[in-house]
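Chemist: here is a sequence together with a model predicted from it:
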Amino acid sequence: MAPQPTGRLDHTSGGHDLILTRSFQAGIDDVWASITESDRTAKWFVSWTGDAGPGKTIRCTMMFEEGSPQGDMTIDACDAPSHLAVRTADEYGGWRLEATLAEHDGVTVLSLIHHLDDGADVGSIGPGWEYYLDNLVAARSGSELPAFTSYYPAQKAYYEGIA
């Protein structure tokens with residue numbers, strides 16, 4: 001069965017936010033480690049090196065992209081274990097991202113917020129985040145990682161439609 005798109009677009013005073021969520025039968029500290037510790041982020045998204053902390057920049061290597069491109073990511077806020085805000089820029093533009101986590105009764109909900117710039121290609125960005133977040137789910141459960149081709153271009157029309 002093909003993965004279904006889950007993201008939504010919220011209009012904000014500063015533009016638009018793309019928001020995607022995933023729930024985990026796990027404590028908040030464990031899920032936080034999955035999105036902040038390099039050895040764990042490497043299993044589903046990027047590995048990183050450097051001295052992490054608010055106002056600092058780390059060097060990231062994309063683990064699931066052709067050629068394993070590298071880039072810098074600046075940490076704008078890090079309030080463990082509930083909020084992480086980062087930004088990155090490359091030849092394709094700048095991205096501002098936030099992750100919020102909340103735990104209730106042993107279930108942790110992760111919300112990924114991508115603050116979109118005007119003209120952002122939501123039809124490509126949305127399926128990409130669906131893929132990476134499902135990679136996270138699979139990596140945490142020890143399941144086989146999904147194929148990107150299950151997300152793009154299959155989910156492109158959905159995301160263009162909400163834009």
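Modeler: Arrived safely. Residues are numbered from 1 along each chain as shown.

Chemist: residue most distant from the centroid, this protein?
Modeler: The centre of the chain is farthest from one residue, residue 105, which by Cα atoms, centre = their mean lies 23.9 Å away.

Chemist: quick check: the gap between it and residue 29.
Modeler: Per Cβ to Cβ, to the nearest Å, residue 105 is found 15 Å from residue 29. C-beta coordinates here come from the backbone N, C-alpha and C atoms, glycine included.

Chemist: look through this structure and tell me its longest helix.
Modeler: Using DSSP state H to define each element, the chain has its longest helix at helix 122-141.

Chemist: tell me the helix or strand right after that helix.
Modeler: Downstream of helix 122-141, the first helix or strand assigned by DSSP states H and E is helix 156-162.

Chemist: what are the buried residues along that next one?
Modeler: For helix 156-162, burial by neighbour count (16 or more other Cβ atoms under 10 Å) applies to 156, 158-159.

Chemist: the residue lying closest to residue 122 once chain neighbours are set aside: neighbouring residues, count only.
Modeler: For residue 122, ignoring the flanking residues on the chain, the nearest one in space by Cβ to Cβ, 6 or more residues apart in numbering is residue 163 at 4.1 Å. Residue 163 is flanked by 15 other residues according to other Cβ atoms under 10 Å.
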